[in-house]
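Q: only geometry, no sequence info:
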Ligand SMILES: *[C@@H]1O[C@H](CO)[C@@H](O)[C@H](O)[C@H]1NC(C)=O
Ligand SMILES: *[C@@H]1O[C@H](CO)[C@@H](O)[C@H](O)[C@H]1NC(C)=O
């Protein structure tokens with residue numbers, strides 16, 4: 001409803017009629033009023049991480065292009081670690097043949113805490129020509145690397161045509177992944193998660209790299225450097241959070257109280273009724289794997305999993321859709337105990 005009201009406000013009736021064929025797509029975008037974000041120039045918040053000449057700053061200083069060629073991928077990292085935060089960028093993904101490529105936008109402190117690191121992931125997975133990109137989200141806490149919490153989805157638009165905003169919110173109470181203004185996944189902290197809920201300051205990373213061994217069709221479709229360089233563009237970067245040295249400023253609670261109050265008062269920290277409805281619609285239509293429904297991998301669902309019976313009915317005990325979403329091909333046979341990271345057989 002809010003989405004329609006928004007369009008009523010912004011557009012004359014005649015354009016509304018033109019838009020009618022798009023309503024299936026638009027209904028995902030209920031309440032699409034943009035967040036009130038403060039963007040920062042690249043050099044104000046980030047550093048080049050790897051890939052020599054393959055990180056190219058935009059002339060206006062607001063963004064970068066990350067290239068992958070036969071010699072190297074590339075990446076950047078935030079100059080500070082943050083105790084909680086809202087990490088966001090507008091991203092445009094490489095087009096055409098992109099099989100084997102992973103573009104990652106994530107937070108981690110693996111450099112500081114080798115054995116007990118925390119991590120929040122958005123990973124875009126390339127595809128063969130004329131096949132769409134897919135993406136996954138995941139989280140780890142305190143080194144819970146043997147307990148992946150992957151979900152996989154398709155997008156409702158072509159992410160290679162235009163920039164779209166992708167965001168990760170992390171507060172002490174919840175984690176929300178956003179695509180544009182649509183929350184696509186919320187993890188509400190549960191006591192039983194213990195250290196699995198990320199709790200130590202993390203840096204923001206963005207990278208493009210060759211993930212030929214797993215990203216597409218379980219590693220069957222590899223990067224083809226005939227089509228290089230592959231270019232992912234980042235701009236309008238947002239870094240909200242409390243810059244905190246995980247050693248010096250421990251514990252952070254007091255030091256970061258003010259910034260945390262700011263963070264949790266922002267509209268992206270609470271999911272409105274309309275946005276929650278959009279999240280449900282997104283998950284019904286575009287999610288094709290969830291660890292919460294993968295009872296072969298986790299016979300007892302993780303404590304934060306909300307098992308929705310109507311949703312569960314659509315998934316097999318492998319956590320994958322019974323019917324392959326929008327595509328018509330039958331899923332290929334697969335070994336039953338493959339992890340989701342290497343399990344990509346339902347090619348979309
Ligand atoms: C947007 O954020 C800025 C900076 O925090 C603030 O000054 C402004 O009032 C906000 N605007 C709205 C519409 O909330
Ligand atoms: C994190 O893991 C370490 C062992 O690696 C353990 O000693 C510590 O209690 C854990 N912290 C939390 C918050 O669970």
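A: Cool, got the structure. Predicted, not measured: the structure shown is a model, and the values here were computed from it. Ligands and ions are numbered 1, 2, ... in the order given.

Q: Is there a neighbour count for residue 48? I'd like the number.
A: Using other Cβ atoms under 10 Å, the number of residues around residue 48 comes to 17. From N, CA and C alone the C-beta is placed, and that goes for glycine too.

Q: Next one, pLDDT for it please.
A: Looking at residue 48, its pLDDT is 97.

Q: and it, that one's in a strand?
A: Yes: the assignment for residue 48 (DSSP: H, G, I helix; E, B strand; the rest coil) places it in a strand.

Q: From ligand 2, how far off is it?
A: According to Cβ to the nearest ligand atom, to the nearest Å, residue 48 and ligand 2 sit 32 Å apart.

Q: got the contact list for that residue?
A: 55, 74, 76 (Cβ atoms under 8 Å, 6 or more residues apart in numbering).

Q: In strands, which of these fall?
A: 55, 74, 76 (DSSP state E).

Q: Would you confirm that the second one contacts residue 103?
A: No: contact status for residue 74 versus residue 103: not in contact, 10.7 Å apart, counting by Cβ atoms under 8 Å.

Q: Compare the two (neighbour count), which wins?
A: Remark: of residue 74 and residue 103, residue 103 carries more neighbours, 31 against 25, as counted by other Cβ under 10 Å.

Q: what bridges to that one?
A: residue 124, residue 208 (DSSP bridges).

Q: so the longest strand along the chain versus strand 46-50, what angle?
A: Across the chain, the longest stretch assigned as strand under DSSP E is strand 230-243. Orientation check (axes from the mean of the first three to the mean of the last three Cα atoms, to 10 degrees): strand 230-243 against strand 46-50 gives 130 degrees.

Q: What is the following helix or strand past strand 230-243 packed up against?
A: Per DSSP states H and E, the first helix or strand lying C-terminal to strand 230-243 is helix 252-255. Applying 3 or more Cβ pairs under 8 Å, 6 or more residues apart in numbering; DSSP states H and E, one finds that helix 252-255 contacts no other helix or strand.

Q: First-to-last residue distance for stretch 94-107?
A: Stretch 94-107 stretches 22 Å from its first residue to its last (Cα to Cα, to the nearest Å).

Q: How about stretch 104-122?
A: One end of stretch 104-122 sits 6 Å from the other (Cα to Cα).

Q: and it, what's its mean pLDDT?
A: 97.

Q: same question, stretch 72-80
A: For stretch 72-80, mean pLDDT is 98.

Q: Under the pLDDT cut-off, which ranges of the stretch 101-250 of the chain? List them.
A: Along the stretch 101-250 of the chain, segments meeting pLDDT under 70 span 249-250.

Q: So which elements touch the longest helix belonging to the chain?
A: In the chain, with assignment by DSSP state H, the single longest helix is helix 273-286. Under the contact definition 3+ Cβ pairs under 8 Å, 6+ apart, helix 273-286 sits against strand 151-154, strand 182-188.

Q: can you give me how far it is from the chain middle?
A: Its chain's C-alpha centre and that of helix 273-286 lie 16 Å apart, by Cα atoms, centre = their mean, to the nearest Å.

Q: Could you give me the buried positions within that helix?
A: 274-275, 277-279, 281-283, 285-286 (16 or more other Cβ atoms under 10 Å).

Q: cool, stretch 295-302 as well?
A: 295, 297-298, 301.

Q: Check stretch 214-234 too.
A: Buried-residue list, stretch 214-234, by 16+ other Cβ under 10 Å: 214-218, 221-224, 229-234.

Q: how about the residues of the stretch 51-200 of the chain that lie near ligand 2?
A: The stretch 51-200 of the chain has residues 115-116, 142-143, 194-195 near ligand 2, with proximity defined as Cβ under 6 Å from any ligand atom.

Q: Closest one of those residues to residue 305?
A: Of all those, residue 194 has the smallest distance to residue 305: 15.1 Å, by Cβ to Cβ.

Q: Confirm that the closest one sits in a strand.
A: No: read with three-state DSSP, residue 194 is helix and lies in no strand.

Q: Contact partners for it?
A: Residue 194 makes contact with residue 142, according to Cβ under 8 Å, 6+ apart.

Q: Taking the stretch 101-250 of the chain, what residue is nearest to ligand 2?
A: Per Cβ to the nearest ligand atom, residue 195 is where the stretch 101-250 of the chain lies closest to ligand 2, at 2.5 Å.

Q: Domain ranges for this structure, per the record?
A: Domain ranges of the chain: 1-33, 34-342, per automatic domain parsing.

Q: And the residue nearest the centre of the chain, which helix or strand is it part of?
A: Closest residue to the average C-alpha location of the chain: residue 122 at 2.8 Å, with Cα atoms, centre = their mean. Using DSSP H and E, residue 122 maps to strand 119-125.

Q: next SSE after that strand?
A: strand 134-140.

Q: Show me what that following strand is packed against.
A: Partner elements for strand 134-140 (3+ Cβ pairs under 8 Å, 6+ apart): strand 119-125, strand 151-154, strand 182-188.

Q: which residues are contacting the strand holding residue 122?
A: Under the criterion Cβ under 8 Å, 6+ apart, residues 91, 93, 101-110, 133-141, 159, 166, 168, 170, 175, 177, 198, 202, 211, 215-216, 344 lie in contact with strand 119-125.
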